[in-house]
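Asker: sequence plus predicted model, see below.
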Amino acid sequence: MYSLRVLTLNVRGIANPDDRRALFFELRRWKVDICCLQEVHATTPDQLQQWSNEWLGPASWNKYTAILFKPSFGTPTFDVLHGGRVLSSSFQYRGQTLRIANIYMPASYSERRVFLDDFTADFDNLFSSFDFLVGDWNMVPDPLLDRVSTATSNTQTLTMWSHLAPCLRQFFDAALAGAASRFFTYTSASHHCQSRIDHVFAHCRYATMTLTTSLEEFPPSDHLAVVVHLTDTSSYTTPLLY
């Protein structure tokens with residue numbers, strides 16, 4: 001049976017050993033296969049090696065992003081792009097090579113606009129055939145449905161999804177497709193705001209699979225972990241790669 005769990009979570013830093021220990025415990029408890037983290041705040045080579053030793057599985061870390069695999073995934077490869085705001089990986093699963101990109105877009109509108117200009121320019125060459133695009137994108141797909149706030153909305157910020165949308169034409173919102181109802185992933189108490197800015201998108205070749213989305217709390221963060229479980233119990237269990 002095809003069964004794969006993909007997670008995205010903005011951890012808001014895990015330099016604190018207690019927070020890191022708690023995170024690793026939860027990731028194992030949630031039985032996640034691929035963990036995409038943002039805001040890990042890893043800075044030194046010694047720190048990176050120590051964290052990998054603590055995780056006991058394949059992993060890559062930088063200031064902005066990290067991807068962690070279960071030990072059974074062997075030796076995936078990693079590429080650090082856009083100064084670490086994009087971390088991609090190729091890995092083997094059920095005899096095929098799959099690819100995932102963990103994307104952490106800037107919170108600042110001006111910085112995010114520059115990032116999107118560069119990211120979308122590279123997209124067709126680098127990411128269009130990826131299996132999964134995930135991360136904290138600091139943007140909502142639909143400002144009316146994916147954000148509630150008592151504060152005045154920044155129209156420019158809310159409409160920036162249109163810059164990314166053309167790149168996603170071969171992908172679908174797997175997290176939303178697997179959810180029982182619409183949800184929020186981020187809560188800002190200071191701005192009295194809730195929004196859905198953490199995403200798991202899958203290539204359309206996975207659209208026929210059974211998807212189940214769960215939201216998990218990690219108390220040190222103001223984001224919820226988004227876990228998408230993809231399953232297929234049919235006799236043909238591996239999606240065709242284009």
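Answerer: Yep, it's here.

Asker: what about the longest helix anywhere in the chain, average pLDDT?
Answerer: Counting residues, the longest helix found in the chain (DSSP state H) is helix 109-126. Here helix 109-126 scores 94 as its mean pLDDT.

Asker: any residues touching that helix, and which ones?
Answerer: Residues outside helix 109-126 that contact it (Cβ atoms under 8 Å, 6 or more residues apart in numbering) are 81-82, 85-86, 88, 103, 105-106, 138-139, 154, 156-157, 160, 163-164, 166-167. C-beta here means a position set from N, CA and C on the backbone, and glycine is covered the same way.

Asker: show me what the host helix or strand of residue 25 is packed against.
Answerer: Applying DSSP states H and E as the criterion places residue 25 in helix 17-29. Helix 17-29 sits against helix 45-55, with contacts defined as 3 or more Cβ pairs under 8 Å, 6 or more residues apart in numbering; DSSP states H and E.

Asker: now the helix or strand following the helix it packs on: mean pLDDT?
Answerer: Later in the chain than helix 45-55, the nearest helix or strand by DSSP H and E is strand 59-61. Across strand 59-61, pLDDT averages out at 96.

Asker: give me the contact list for strand 59-61.
Answerer: Here strand 59-61 has contacts from 40, 42, 47-48, 51-52, 66-69, 78, 80, 87, 89, using Cβ under 8 Å, 6+ apart.

Asker: try it again with 7 Å
Answerer: Residues from elsewhere that reach strand 59-61 (Cβ atoms under 7 Å, 6 or more residues apart in numbering): 40, 42, 48, 51-52, 66-69, 78, 87, 89.

Asker: and the helices in this protein, which stretches?
Answerer: 17-29, 45-55, 109-126, 155-158, 161-164, 174-177.

Asker: closest one to residue 193 among those?
Answerer: Residue 193 lies closest, by Cβ to Cβ, to one member of the helices of the chain: helix 155-158, at 11.4 Å.

Asker: the bottom helix or strand of the chain by mean pLDDT?
Answerer: Using mean pLDDT, DSSP states H and E, helix 155-158 stands out as the lowest-scoring helix or strand of the chain, at a mean of 53.
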